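Novice: Need coordinates for the below:
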Amino acid sequence: MRLRNKPWAEDRLNDFPQYVIQQPVSHKGKWHEVFGNDNPLYIEVGTGKGRFITEMAKAHPDVNFIGIEVYRSVIVAALDLLIEAEVPNLKLLNVDAANLGEYFAKGDVDRVYLNFSDPWPKSRHAKRRLTYKTFLEVYEGILPDQGEIHFKTDNQGLFESSLMSISEYGMLLKYVSLDLHNSNFEGNIMTEYEEKFSSKGNRIYRLEAKFQ
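Specialist: Numbers count the residues shown, from 1 in each chain. As a prediction, this is how the structure comes out:
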């Protein structure tokens, strides 16, 4: 993925500590203090420009949300959206998903969303996919027992490899749709990519899986 460099992005993220978590390590095991309540915490790994997580926070005020994005030049767009939306149950975190265990203790997170992740189609890049076994191990380490992952993509190859990875890991598939927008699934909130790809006629794939 080619990204435009935004040298001012780091300063902008630092200017809004009320929205962008600055020292996540210090909150490990006590994220409820960040939000001031004991509501469930859902995170989106690879939040991009933030449409999905912002709309989810609006739709579910009784749930806390954190949008996680490794690229500063991308998460600043999510910050702009959050500033405009002014939803108190949403924060942003600019870290690498591979290191989530450094910031969240077991059971800190109640659900993980993965939406339109980079497919990394070449076999030699399989370990970079956010549904690869090493990432599943990271999610298992921060979710409670039987915690869930919800995953959406328009990439058939990524969906197939994810189904295999999740099954081989021993997770239970609760829901699988091979054509989400023509299914009876209710309450779907689209991402920017989802709207773009579905408008071109691309099929959207979705699954829900839980650890056992």
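Novice: Sticking with Leu163, tell me its helix or strand.
Specialist: helix 156-169 (DSSP states H and E).
Novice: Please name every helix or strand in contact with that helix.
Specialist: Where contact means 3 or more CB pairs under 8 Å, 6 or more residues apart in numbering; DSSP states H and E, helix 156-169 is packed against helix 133-142, strand 148-153, strand 172-177, strand 205-210. In this view, the C-beta of every residue, glycine as well, is placed from N, C-alpha and C.
Novice: Throw these into CSV and include distance to Asp15, thanks.
Specialist: Output for those, formatted as CSV (distance: least, CB to CB, whole Å):
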stretch, distance to Asp15
helix 133-142, 28
strand 148-153, 32
strand 172-177, 40
strand 205-210, 36
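Novice: Packed most tightly, which of these would that be?
Specialist: strand 148-153 (a mean of 23; mean count of other CB atoms under 10 Å).
Novice: Adjacent strands (with direction) for that one?
Specialist: Strand 148-153 sits in its sheet next to strand 111-115 (parallel), strand 205-210 (antiparallel), going by DSSP bridges.
Novice: The residue nearest the centre of the chain sits in which helix or strand?
Specialist: Nearest to the mean C-alpha position of the chain, by CA atoms, centre = their mean, lies Glu44 at 1.9 Å. Assigned by DSSP H and E, Glu44 belongs to strand 41-45.
Novice: Partner strands of that strand, with direction?
Specialist: By DSSP bridges, strand 41-45 pairs with strand 64-68 (parallel), strand 111-115 (parallel).
Novice: Now do that strand, average pLDDT.
Specialist: Computed over strand 41-45, the mean pLDDT rounds to 98.
Novice: and what of stretch 182-199?
Specialist: Rounded mean pLDDT across stretch 182-199 is 94.
Novice: and the end-to-end length of it?
Specialist: 13 Å (CA to CA, to the nearest Å).
Novice: Just the buried positions in the helix holding Leu163, please.
Specialist: By 16 or more other CB atoms under 10 Å, the buried positions in helix 156-169 come out as Leu158, Phe159, Ser161, Ser162, Leu163, Ser165, Ile166, Tyr169.
Novice: would you turn the residues you listed into a markdown table with distance to Ser26 and pLDDT?
Specialist: Formatted as a markdown table, these follow (distance: CB to CB, whole Å; pLDDT from 0 to 100):
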| residue | distance to Ser26 | pLDDT |
| --- | --- | --- |
| Leu158 | 35 | 97 |
| Phe159 | 37 | 98 |
| Ser161 | 36 | 97 |
| Ser162 | 33 | 98 |
| Leu163 | 37 | 98 |
| Ser165 | 32 | 97 |
| Ile166 | 32 | 98 |
| Tyr169 | 31 | 98 |
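Novice: can you put these in JSON lines and add distance to Phe104?
Specialist: Shown next, in JSON lines, are the buried residues of helix 156-169 (distance: CB to CB, whole Å):
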{"residue": "Leu158", "distance to Phe104": "25"}
{"residue": "Phe159", "distance to Phe104": "26"}
{"residue": "Ser161", "distance to Phe104": "25"}
{"residue": "Ser162", "distance to Phe104": "22"}
{"residue": "Leu163", "distance to Phe104": "26"}
{"residue": "Ser165", "distance to Phe104": "21"}
{"residue": "Ile166", "distance to Phe104": "20"}
{"residue": "Tyr169", "distance to Phe104": "19"}
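Novice: remind me which residues of this protein are low pLDDT?
Specialist: The chain contains residues with pLDDT under 70 at 1-4.
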